[in-house]
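Participant: I need the structure of the sequence given here:
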Amino acid sequence: MENADQNESFLPDPTAIVQHKGGFKATWFYRQLLNGPVPKKPRVNAPELWPGDPLRGHELLKGIFSFQSERYHLTSAANVPAQASANWLSWFHSLAWLSDLKALGGTDQGVEAPYFAREWALAWINAHTTWSYFAWDPTITAERVMHWILTWDFLTNNDASGLFSKSLRKVAGRDARHVLRSKPDSELGFQALRVLKGQIFAIHGILGGERRQQNIMVHLDQELGIQVLPDGGHIERNPEILALVLRDLLQLRSFCAVAMGQVPACLQNAIDRSAPMLRTLRHPDGALALFNGGQEGKAADLDLLLGQTDPTTSSPVSAPYAGFQRLNAGSTVILMDCGQPGGPGHNHHAGTLSFELSFGRKRLIVNCGARSGKNDPWRTALAATAAHSTLTVNDTSSAAFALDGTMRRGPVDVTCKRQDSEIGTLVETSHSGYVNTFGLTHHRALFMDATGEDIRGEDRLTGTGGEYASIRFHLHPDVQASLVGNNNGVLLRFDSKSKQVWRFKSSLGDVTLEESIYMGRVGEHRRCEQIVVSVPLSGNGALIQWSLQQSSV
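Facilitator: Sure thing, here's the model as predicted:
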């Protein structure tokens, strides 16, 4: 995808890779198993759906390797910055930056680009002849196999007999055999699909041996059945990861069409399911909702991605397998998380029953966003229930997860019922995330009328535990808020001069405006506000009703 940094996020959750010392794969004997013949050039001309970024290519010629919000000046392929994140390291070792250099072909510096690319590619090859954690990880190696194929002619300048070409053939063969010897692990979530994609590129692009194809296609069919749900959602329930999966599937589809002369039915079926679901999870501004560790992404990149799919398929408003509901009326859109947290992957959020609201192309109610990387100080805070627009009890998250991503406690029972009628849409949900800790069940009902200008909510706790409950409505940084009445309401507007406002009211509890944070984009850290409705609990649960209504002033 052109200029799509966040869609090249190879490890949205870097801790998904288990730290180890390489084991057998770090031995001399294993490296000998990876030797073998390689053709002088790729066996097929792989189509490049999304060319690289020439602006990054210009920076690369100056030695600046920039990915997402990280920018480093490198003088060696062996000594990368110690402070580099796992995402940056994954991008660097995948050699995705070769496509950025290739994109300079038509510029004055395009003549210099192949020489620079060969110099750095050879430096990388020489620095990683033996096992290292990131360079040899199967997911990253799978991406590198694809980039070797896509940039082969650019790197060799169609010279198959040069010294560099010999080094390229050797390392491409090694990487291809390494990927083929790697077993995709469903517990790693979408990364298992990346390994399978790499295996298909390895067979048809570098090594040959189509007799192995049938076994890989069986695994692909099985993995797609596990990961792409019947309604098109992804099992990790992260909209951003769904976009990454669709991108991988489209790349694989175009490659299979050329290499095999046909597209596997399981692959096309997964694309046909996941594309409409991705549209469902977009706000009217074109970017994604912030659920389960995902960020907004870039609207232009998502347009480019979905432009490769069938635009006539209708997007679901109710996705019971993925656990999302979409309410549309007038200029208002509500997206709601009604699913159980957890599953494969490791960047889980305790945001069950949270929702986001847009009016026109502007976001009003949001979740706070996400950060990946176990060393990011914001990661844990953003994963907490309090960072989502939903209810908390005693400021405790409704779910907690172990280091391996499994849910230690949380809502094992999440219900959702939807009713659409002429007067509007009602979604009634509940979760059991507070049953074990406080003996409480959270019920949330959300109604939006047919105009989209009148939204009613009801948050109910049934049970006898807890000391207090808080309902949070995080506001987008572009929203201006002020308390009205006897502190039981808030006036919301996008512009101080606008006569169009939203009025928030609560039937119970103390309504306050508090500071919040919005981290919905890569490198973004914006201050915002949140509406907080707090109520004491005295052993009989609680019922809090609230409303959001549009009006003019």
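Participant: can we go C-alpha only for contacts and neighbour counts from here?
Facilitator: Noted.
Participant: Disregarding residues adjacent in the polypeptide, which is nearest to the residue nearest the centre of the chain?
Facilitator: With distances taken as Cα atoms, centre = their mean, residue 240 lies nearest the centre of the chain, 2.6 Å away. Distances taken as Cα to Cα, 6 or more residues apart in numbering place residue 294 nearest to residue 240, at 5.0 Å, with adjacent residues excluded.
Participant: before we move on, the earlier item: quick check, distance from the helix or strand harbouring the residue nearest to the centre of the chain to the centre of its chain.
Facilitator: Assigning secondary structure by DSSP states H and E places residue 240 in helix 239-259. Chain-centre distance of helix 239-259: 14 Å, with Cα atoms, centre = their mean, to the nearest Å.
Participant: what does stretch 124-143 give?
Facilitator: Distance, stretch centre to chain centre, for stretch 124-143: 23 Å (Cα atoms, centre = their mean).
Participant: returning to what we had before: so which other helices or strands are in contact with the helix holding residue 240?
Facilitator: When contacts are defined as 3 or more Cα pairs under 8 Å, 6 or more residues apart in numbering; DSSP states H and E, helix 239-259 sits against helix 190-201, helix 265-280, helix 299-306.
Participant: Mean pLDDT and mean neighbour count for those - can I get that in JSON lines?
Facilitator: Shown next, in JSON lines, are the helices and strands packed on helix 239-259 (pLDDT from 0 to 100; neighbours: other Cα atoms under 10 Å):
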{"stretch": "helix 190-201", "mean pLDDT": "94", "mean neighbour count": "26"}
{"stretch": "helix 265-280", "mean pLDDT": "97", "mean neighbour count": "20"}
{"stretch": "helix 299-306", "mean pLDDT": "95", "mean neighbour count": "18"}
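Participant: With distance to residue 96 as added columns, please give these in a markdown table.
Facilitator: Converted to a markdown table, the helices and strands packed on helix 239-259 look like this (distance: least, Cα to Cα, whole Å):
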| stretch | distance to residue 96 |
| --- | --- |
| helix 190-201 | 14 |
| helix 265-280 | 23 |
| helix 299-306 | 17 |
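Participant: what about residue 499, how many neighbours?
Facilitator: Applying other Cα atoms under 10 Å, we find 11 other residues in the vicinity of residue 499.
Participant: ok, it to residue 518 distance?
Facilitator: When Cα to Cα, to the nearest Å is applied, the distance between residue 499 and residue 518 equals 26 Å.
Participant: now do residue 257
Facilitator: As for residue 257, its distance to residue 518 is 42 Å (criterion: Cα to Cα).
Participant: Residue 138 now?
Facilitator: Using Cα to Cα, we find residue 138 at a distance of 34 Å from residue 518.
Participant: cool, and residue 137?
Facilitator: Look at residue 137 and residue 518: by Cα to Cα, they are 32 Å apart.
Participant: so residue 125 is in which element?
Facilitator: Assigning secondary structure by DSSP H and E places residue 125 in helix 113-127.
Participant: and if you look at residue 165?
Facilitator: When elements are defined using DSSP H and E, residue 165 is found to belong to helix 163-180.
Participant: Only the buried residues of that helix, if you could.
Facilitator: Applying a neighbour-count criterion of 16 or more other Cα atoms under 10 Å, the buried positions in helix 163-180 are 164-165, 168-180.
Participant: by how many degrees do it and helix 113-127 diverge?
Facilitator: Compare the direction of helix 163-180 with that of helix 113-127 by axes from the mean of the first three to the mean of the last three Cα atoms, to 10 degrees and you get 60 degrees.
Participant: Give me the helices and strands touching helix 163-180, please.
Facilitator: Counting by 3+ Cα pairs under 8 Å, 6+ apart, helix 163-180 packs on helix 113-127, helix 138-150, helix 190-201.
Participant: Out of those helices, the one nearest residue 402 is which?
Facilitator: Comparing these against residue 402 with Cα to Cα, the closest turns out to be helix 190-201 (19.4 Å).
Participant: Alpha carbons only: can I get the closest one in CSV?
Facilitator: Listed next in CSV are the C-alpha coordinates belonging to helix 190-201 (Å, rounded to 0.1, in the frame of the first residue of the first chain):
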residue,chain,number,x,y,z
PHE,A,190,-2.5,-13.0,11.9
GLN,A,191,1.3,-13.7,11.8
ALA,A,192,0.5,-17.3,11.0
LEU,A,193,-1.1,-16.1,7.8
ARG,A,194,2.1,-14.1,7.0
VAL,A,195,4.2,-17.3,7.3
LEU,A,196,1.9,-19.1,4.9
LYS,A,197,2.0,-16.2,2.5
GLY,A,198,5.8,-16.4,2.6
GLN,A,199,5.7,-20.1,2.0
ILE,A,200,3.7,-19.7,-1.2
PHE,A,201,6.0,-16.9,-2.4
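Participant: which element follows that helix toward the C-terminus?
Facilitator: Sequence order places helix 213-227 as the next helix or strand after helix 190-201, per DSSP H and E.
Participant: Residue 471 is in contact with residue 394, correct?
Facilitator: No - using Cα atoms under 8 Å, residue 394 and residue 471 do not qualify as a contacting pair, with a distance of 11.1 Å.
Participant: Looking at these two, which has the bigger crowd around it?
Facilitator: When residue 394 and residue 471 are compared for neighbours, residue 471 comes out ahead with 22 against 13, by other Cα under 10 Å.
Participant: Quick check: phi and psi on the more buried one?
Facilitator: Phi and psi for residue 471, reported as degrees, to the nearest 10, are phi -110, psi 130.
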